[in-house]
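1. give me a 3D structure for the following:
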Amino acid sequence: MISTLFKRKPKPSVAPSVPRVPDDTVVWAVGDIHGCLDLLKALVDGIVADAASSDASRKVVIFLGDYIDRGPDSRGVLRYLIDLPKDAGIEWRFLKGNHEEAMLKFLDDPSFGPNWCEYGGDAALASYGLKPPEMKHRVEAWARVAADLDHKVTAQEREFLETLEYSLSVGDYFFAHAGARPGVALDRQSERDLMWIRNSFLDDETPFEKVVVHGHTPTPTPYLDHRRIGVDTKAYESGVLTAVRLERETRRLVGGTGSANELTREV
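-> Numbers count the residues shown, from 1 in each chain. A predicted model of the protein is given here:
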């Protein structure tokens, strides 16, 4: 359960206008899942129940990327997301994280295997019944693993990975996996920055034209300041998968722990 509110940085000297989403819209943005299928199911169940009680005409659930690696069931997460009901009155949107890019790169270039496995690709392979080769320096050994993975990945899974979005805007919010480059308009951000940027985005104080909602950089509790909201709470270690719920000018945390969900008070 989530019991701690957003950590806050000091407000800028000139307070920005209060960000909001359109009056007829409610948005949930879900942080990095990393193979934690049980947490994902609990969180989505809570969101679906919440959506059913909402009068909004547009209900949007945005997954911020990093569905795979590190946790125990990458393949299960992909299958679950692909099979989310299309008739639930919910608009499901899926953004691309750097871990999805890494898996696709490995499938196309097996020599990338050691790099991918350094940050969790071995867990994704295990979910497909595979493991890294014993001779990790041999490209041909990685090529065999990549071929086996390509055989096991279904056409639906491959299409899902290849058609993920890089960013999305709703009202005064901009959603991307990693963040955005300061000094660059949000509609001109590079795909690489949207998936990979870290310190140059996190450490800058200059606000964007919208509040950026992102994952990618884990924190013990969700983070909020005048320019960004971070909701990666390292689910595969903490046991908490976090989302933020946005409606008009309100922002609430939603946490899935695998056995319960909690909607905190407004922040």
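2. all helices for the stretch 151-267 of the chain, in order.
-> 155-162, 191-196, 199-202, 235-238 (DSSP state H, counting those that start in this stretch).
3. could I get the biggest helix by length in the chain in PDB with only the CA atoms?
-> Criterion DSSP state H: the longest helix present in the chain is helix 37-52. C-alpha atoms of helix 37-52 as PDB (Å, rounded to 0.1, in the frame of the first residue of the first chain):
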ATOM      1  CA  LEU A  37       2.200  -9.400 -13.600                       C
ATOM      2  CA  ASP A  38       0.600  -9.800 -10.200                       C
ATOM      3  CA  LEU A  39       1.000  -6.100  -9.400                       C
ATOM      4  CA  LEU A  40      -0.200  -5.200 -12.800                       C
ATOM      5  CA  LYS A  41      -3.400  -7.200 -12.500                       C
ATOM      6  CA  ALA A  42      -4.100  -5.700  -9.100                       C
ATOM      7  CA  LEU A  43      -3.600  -2.200 -10.300                       C
ATOM      8  CA  VAL A  44      -5.600  -2.600 -13.500                       C
ATOM      9  CA  ASP A  45      -8.500  -4.200 -11.500                       C
ATOM     10  CA  GLY A  46      -8.500  -1.100  -9.300                       C
ATOM     11  CA  ILE A  47      -8.400   1.200 -12.300                       C
ATOM     12  CA  VAL A  48     -11.200  -0.600 -14.100                       C
ATOM     13  CA  ALA A  49     -13.400  -0.400 -11.000                       C
ATOM     14  CA  ASP A  50     -12.600   3.300 -10.600                       C
ATOM     15  CA  ALA A  51     -13.300   3.900 -14.300                       C
ATOM     16  CA  ALA A  52     -16.700   2.200 -14.000                       C
END
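4. tell me which residues in that helix are buried?
-> Buried positions in helix 37-52, judged by neighbour count with 16 or more other Cβ atoms under 10 Å: 37-44, 46-48, 50-51. No exception for glycine: its C-beta is placed from N, CA and C like everyone else's.
5. just give the nearest non-adjacent residue to the residue nearest the centre of the chain, would you?
-> For the chain, the residue nearest the mean C-alpha position is residue 64 (2.6 Å; Cα atoms, centre = their mean). The shortest distance from residue 64 to any non-neighbouring residue, by Cβ to Cβ, 6 or more residues apart in numbering, is to residue 215 (4.1 Å).
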